[in-house]
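Enquirer: A predicted structure for the sequence below; I have some questions about it.
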Amino acid sequence: MKEELILKTSNHFAERFNTPATSIFLSPGRINIIGEHVDYNDGFVLPAAIDKYICFAISPVQSDACVLVAKDLDEEFSFNLTDDLKPVKQMWANFILGGLHQLKQKGFKMKGFQLVFSSTIPIGAGLSSSAALECGLIYAINDLFSLRISKQDIALMGQQTSHTFVGVKCGIMDQFACVFGKKDKAIKLDCTTLDYSYFDADLDSYSFLLLDSNVKHEHLTSGYNVRREEVETGLEIIKSHYPEVMSFRSCTFSQVKSLRTELGENLFKRCSFVVKEIQRVNEAAFSIQNNNFEKLGTLMFETHQGLSKDYEVSCTELDFLVEKAMDIPGVLGARMMGGGFGGCSINLVHQESKDELIEKLSSLYIEKFNVNLRVFPIHISDGLCQVQ
Ligand code: GAF
């Protein structure tokens, strides 16, 4: 599949520009085992890169002219590096222009380039095609023009692209997983310091399976930015009562609870979720290290309940998928994954129960919503890399 994607992208480059691409890069999507909506709240997260990619075929040119070709959309966008780069109507181009704008602002010296990209990361499924596009572009330009930008800075610049050119005030999890992913390893990332460690994501006879609700979402128009504002307001209120609280990480649930009236029910629920979720990530990492997959599954399910009832970022379809999955013997845990309002559920399932999970949920889902459930078996893979 990876090979097919590389071939398709490089062939298209050769056809479009009458010459083979100088370099080819693969930029992966991600899963997140647990730790949702806590990356922008100074929490910890447990993501991993997966074997779904955006492939970039790219060559430098001698002028400042740039041509971007989105193969899957059959669209092109051309501009000059000397132009004043601003967000444009074609949303996909903004994920690229945002990175170039930052590189120019930071004074990096580049020339123009020709680029074709194509993807196996489904769009709107919560597998972070956005971060793969943002980071992949900066990684490729970094290599093409020997800019010597660190991996951490590539991830941070990718995040800035979302903030400035896309309008989504996301955290750092997706970009970090894309750049730092490692085969068969999950990453435990401290989103305050960006310290991280890898740990074995070997789950014995269990594995993760993604079920796509087919409910499409875009963080720009979903409630993502609103949630971020809500918890920022909540934290200010908490800090004004408890000056020792520096961030949600140093805040306890009883402190949040003591301010229930002052926070109001909405902010109380949002802040409660964040404090509890940060705690759950630590417990989940410990459970995986101790092969306690029952516990991991329970924590995943608790996360879903919190995301659905307190953070309110789930939807009817995802709630249905999680509830029905939990009825199947051999499924230890299930929850919505990513920013929410649509996309995939992630299921922790025994190898022997996988087929039953897929069959039962597919038929229940079509019966209930008249929509086909998509199934994504995934493998934990390496992060961004050059393949040619
Ligand atoms: C989206 C964001 F991009 C991430 O930063 C993160 O907040 C996630 O939603 C929720 O955990 O993927």
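Expert: Right, received. Where do you want to start? Because the structure is a prediction, the values reported are computed rather than measured. Residues are numbered from 1 along each chain as shown.

Enquirer: What segments of the stretch 1-150 of the chain are strands?
Expert: Under the criterion DSSP state E, counting those that start in this stretch, strands of the stretch 1-150 of the chain are mapped to 23-32, 44-45, 47-60, 65-70, 75-80, 113-119.

Enquirer: Quick one: closest of the ones you listed to V313.
Expert: For the strands of the stretch 1-150 of the chain, the distance to V313 is smallest for strand 23-32, at 13.3 Å, taking C-beta to C-beta. For the C-beta atoms, the positions are set from N, CA and C on the backbone; glycine is no exception.

Enquirer: Relative to that closest one, what are the paired strands and their orientations?
Expert: Strand pairing for strand 23-32, determined by DSSP bridges: strand 47-60 (antiparallel), strand 385-386 (antiparallel).

Enquirer: Please identify the most buried of those.
Expert: Looking across these with neighbours counted as mean count of other C-beta atoms under 10 Å, the highest average goes to strand 47-60: a mean of 25.

Enquirer: near the ligand, which residues of the stretch 1-150 of the chain?
Expert: Contact residues, the stretch 1-150 of the chain versus the ligand (C-beta under 6 Å from any ligand atom): 36-37, 39-40, 128.

Enquirer: So for stretch 116-135, what gets flagged as buried?
Expert: For stretch 116-135, a neighbour-count test (16 or more other C-beta atoms under 10 Å) marks 116-122, 124-135 as buried.

Enquirer: no, scratch that, I was asking about stretch 99-117
Expert: Residues of stretch 99-117 classed as buried by neighbour count (16+ other C-beta under 10 Å): 99-104, 110, 112-117.

Enquirer: Put together JSON lines for these, with pLDDT on each row.
Expert: Converted to JSON lines, the buried residues of stretch 99-117 look like this (pLDDT from 0 to 100):
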{"residue": "G99", "pLDDT": "98"}
{"residue": "L100", "pLDDT": "98"}
{"residue": "H101", "pLDDT": "98"}
{"residue": "Q102", "pLDDT": "98"}
{"residue": "L103", "pLDDT": "98"}
{"residue": "K104", "pLDDT": "98"}
{"residue": "M110", "pLDDT": "97"}
{"residue": "G112", "pLDDT": "98"}
{"residue": "F113", "pLDDT": "98"}
{"residue": "Q114", "pLDDT": "98"}
{"residue": "L115", "pLDDT": "98"}
{"residue": "V116", "pLDDT": "98"}
{"residue": "F117", "pLDDT": "98"}
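
Enquirer: Y53: which of those is nearest?
Expert: When those are compared against Y53 (criterion: C-beta to C-beta), the nearest one is F117, at 10.0 Å.

Enquirer: State the phi and psi torsions of C191.
Expert: Torsion angles at C191 (phi, psi; degrees, to the nearest 10) stand at phi -80, psi 0.

Enquirer: again with V349
Expert: phi -130, psi 140.

Enquirer: residues contacting it?
Expert: Neighbouring residues of V349 by C-beta atoms under 8 Å, 6 or more residues apart in numbering: 206-209, 325, 328, 330-332, 357.

Enquirer: G339 too?
Expert: 37, 126, 170, 217, 219, 222, 224, 313.

Enquirer: domain ranges for this structure?
Expert: By the assignment in automatic domain parsing, the chain contains the domains 2-202+382-386, 206-377.

Enquirer: now the longest one, how far from the chain's geometric center?
Expert: When you say that, I think you mean domain 2-202+382-386. 12 Å (C-alpha atoms, centre = their mean, to the nearest Å).

Enquirer: Quick one: end-to-end length of that domain, please.
Expert: Start-to-end span of domain 2-202+382-386 (C-alpha to C-alpha, to the nearest Å) is 13 Å.

Enquirer: Tell me the most packed of the contacts of G339, by neighbour count.
Expert: G126 (30 neighbours; other C-beta atoms under 10 Å).

Enquirer: From what I see, that one and S345 are in contact.
Expert: No: using C-beta atoms under 8 Å, G126 makes no contact with S345, being 9.2 Å away.

Enquirer: between these two, what contacts are shared?
Expert: 336-337.

Enquirer: can you count the residues close to S258?
Expert: What S258 shows, counting by other C-beta under 10 Å, is a neighbour count of 14.

Enquirer: Quick check: it vs the ligand, distance?
Expert: Separation of S258 from the ligand (C-beta to the nearest ligand atom, to the nearest Å): 27 Å.

Enquirer: And the pLDDT at that residue?
Expert: We note a pLDDT of 98 for S258 in this prediction.

Enquirer: I'd like the distance between the residue nearest to it when sequence neighbours are not counted and the ligand.
Expert: Of all residues not flanking S258 in the chain, H241 sits nearest, at 7.7 Å (C-beta to C-beta, 6 or more residues apart in numbering). Separation of H241 from the ligand (C-beta to the nearest ligand atom) stands at 26 Å.

Enquirer: please renumber so the chain begins at 32
Expert: Okay, using 32 as the starting number, the last item reads as H272.

Enquirer: what about the helices in the stretch 82-231 of the chain?
Expert: Taking DSSP state H, counting those that start in this stretch as the criterion, the stretch 82-231 of the chain carries its helices at 122-136, 160-175, 182-192, 204-211.

Enquirer: Mind putting those helices into JSON lines with distance to L290?
Expert: Converted to JSON lines, the helices of the stretch 82-231 of the chain look like this (distance: least, C-beta to C-beta, whole Å):
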{"stretch": "helix 122-136", "distance to L290": "38"}
{"stretch": "helix 160-175", "distance to L290": "34"}
{"stretch": "helix 182-192", "distance to L290": "30"}
{"stretch": "helix 204-211", "distance to L290": "27"}
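
Enquirer: Single out the most deeply packed of those.
Expert: helix 204-211 (a mean of 29).

Enquirer: what angle separates it from strand 78-91?
Expert: 70 degrees (axes from the mean of the first three to the mean of the last three C-alpha atoms, to 10 degrees).

Enquirer: Helix 204-211 near the ligand at all?
Expert: Yes: using C-beta under 6 Å from any ligand atom, helix 204-211 reaches the ligand at 204-205.

Enquirer: All good on my end, thank you.
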